[in-house]
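Chemist: When you get a sec, could you give me coordinates for this:
(one chain, ligands or ions: 1)
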Amino acid sequence: MSSLLVTGIGQLVTNDETMGDGSDLGLLTDAAVLMEGRRVAWVGPARSAPPADTAHDVGGRAVVPGFVDSHSHLVFAGDRAEEFAARMSGTPYTAGGIRTTVAATRAASDEQLAANLVRHVLEMRRQGTTTFETKSGYGLTVHDEARSLAIAGQATPETTFLGAHVVPPEYTDDPAGYVELVTGPMLEACAPHARWVDAFCERGAFDADQARAVLEAGARSGLRGRLHANQLGEGPGVQLACELALAAVDHCTYLSDADVSALAASGTVATLLPGVEFSTRSPYPDARMLIDAGCQVAVATDCNPGSSYTSSMPLCIALAVREMRMTPAEALRAATLGGARALERADVGRLAPESAADLVVLDAPSYLHLAYRPGVPLVHEVFVGGALV
Ligand SMILES: [Zn+2]
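Modeler: Numbers count the residues shown, from 1 in each chain. Below you'll find the model as predicted:
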């Protein structure tokens, strides 16, 4: 197995509090990382680095773990730029806009959907994302959901069955019939291609009983659960997610005190998606309150053509700091280790021996620049599985 030493690291974020300065970020200065094959083999001061087959000097730049984007919707066709323009002129966002993308996705070939996915994956990677989750949910027929997941599985192991995204037009008069389809033949066709099951628990989408039926059916088929909830208003979704011990509950924009208590007492990660509030001109979730209450948080993009068409984790970090009152350290940790926890992945989101050799070299002396210099392309180099990509 060949080894590669990344050296000349001015500041290294490990997310391992047993290393470096002992902070949550486990910061080291003048550091090096030894990668063997796809794994990190050693982390420490550059002066005591072990020998390696090759060395790569990053010239004093900062290095952070690759971003873990635990929430995206990348299997789709078309875009909704006109809807965005209308929204910026005062038309409010509703869950119904999803149907526009459903029509475009159903009409697209497998090749078109795969090419669109690859385009977005490359876009994410250029911005430092090395692990991502993505979902079905724009097909909403047995065939279109199953092919969406098969295509997604070519790009990531973190695939989520979201047949319960919205009730499709042909079931408008029979939402119960649609839930039967999702929990029956659609689940059967999709489960082999999915690791996760998800539902959109929101007014205008699915209620708590429907979401519970979908999540429980998914669990019986071996799928772990995650949930979209409390995006457009308070509702039962967060409590349901905590009760079912789901890995993550995503959005969490409108929370009651009881929701916050439930999150703090559970292991369920609250995934915050500030690109949505930015793109729908909505109030942001209160990350400060969640963190101070002891909740686990992640930050992700929710990249999708309707409510958040950004693939940029650096932008989401900047928004988390500026708009959700996270510190720069908390936001970076939420975008790396937090995402890893939301995906129940112990191998990513940190840089320590045995972790995946996924890292981002920033064209900056410190991780602080991610929030301090919003909109600036600071990602200099990206390593995935030990390889420069
Ligand atoms: Zn979403």
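Chemist: Just the terminal-to-terminal distance for stretch 217-231.
Modeler: 24 Å (Cα to Cα, to the nearest Å).
Chemist: the helices in the stretch 201-350 of the chain, which residues?
Modeler: With helices called from DSSP state H, counting those that start in this stretch, the stretch 201-350 of the chain shows them at 208-220, 237-243, 257-265, 274-280, 287-292, 313-324, 328-333, 339-342.
Chemist: Find the one among the ones you listed with the highest mean neighbour count.
Modeler: Highest mean neighbour count of the helices of the stretch 201-350 of the chain: helix 339-342, a mean of 28 (counted as mean count of other Cβ atoms under 10 Å). C-betas here are computed from N, CA, C, even on glycine.
Chemist: in its sheet, what does the helix or strand just after that helix sit against?
Modeler: Helices and strands here follow DSSP states H and E; after helix 339-342, the next one along the chain is strand 359-362. Using DSSP bridges, strand 359-362 pairs in its sheet with strand 62-65 (antiparallel), strand 379-384 (antiparallel).
Chemist: Distance of residue 207 relative to residue 214?
Modeler: Separation of residue 207 from residue 214 (Cβ to Cβ, to the nearest Å): 11 Å.
Chemist: got it, and residue 179?
Modeler: 7 Å.
Chemist: Can you check which residues contact both of these two?
Modeler: Residues touching both residue 179 and residue 214 by Cβ atoms under 8 Å, 6 or more residues apart in numbering: 164, 206.
Chemist: Residue 231: what's it in contact with?
Modeler: Contacts for residue 231 (Cβ under 8 Å, 6+ apart) come out as 202, 251, 253, 254, 276.
Chemist: 6 Å instead, please
Modeler: 202, 251, 253 (Cβ atoms under 6 Å, 6 or more residues apart in numbering).
Chemist: Give the buried residues for the lengthiest helix in the chain.
Modeler: When the chain is parsed with DSSP state H, its longest helix is helix 110-126. By neighbour count on 16 or more other Cβ atoms under 10 Å, the buried set for helix 110-126 is 113, 114, 116, 117, 120, 121, 124, 125.
Chemist: Quick one: distance of the following helix or strand past that helix to the chain centre.
Modeler: Sequence order places strand 129-135 as the next helix or strand after helix 110-126, per DSSP H and E. For strand 129-135, the separation from the chain centroid amounts to 6 Å (computed by Cα atoms, centre = their mean, to the nearest Å).
Chemist: Now for residue 18, how many residues are close by?
Modeler: Around residue 18 there are 8 other residues, counting by other Cβ atoms under 10 Å.
Chemist: In contact with the residue nearest to it when sequence neighbours are not counted: list those residues for me.
Modeler: With Cβ to Cβ, 6 or more residues apart in numbering as the criterion, residue 18 has its nearest non-adjacent residue at 6.9 Å, and that residue is residue 26. Residue 26 is in contact with 14, 15, 16, 17, 19, 20, counting by Cβ under 6 Å, 6+ apart.
Chemist: I'd like the residues you listed as JSON lines, with pLDDT and neighbour count appended.
Modeler: Converted to JSON lines, the contacts of residue 26 look like this (pLDDT from 0 to 100; neighbours: other Cβ atoms under 10 Å):
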{"residue": "14", "pLDDT": "98", "neighbour count": "25"}
{"residue": "15", "pLDDT": "98", "neighbour count": "22"}
{"residue": "16", "pLDDT": "97", "neighbour count": "19"}
{"residue": "17", "pLDDT": "95", "neighbour count": "13"}
{"residue": "19", "pLDDT": "95", "neighbour count": "21"}
{"residue": "20", "pLDDT": "94", "neighbour count": "20"}
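Chemist: And the helices in the stretch 1-150 of the chain, which stretches?
Modeler: Listed in chain order, the helices of the stretch 1-150 of the chain (DSSP H, counting those that start in this stretch) span 81-88, 98-107, 110-126, 142-152.
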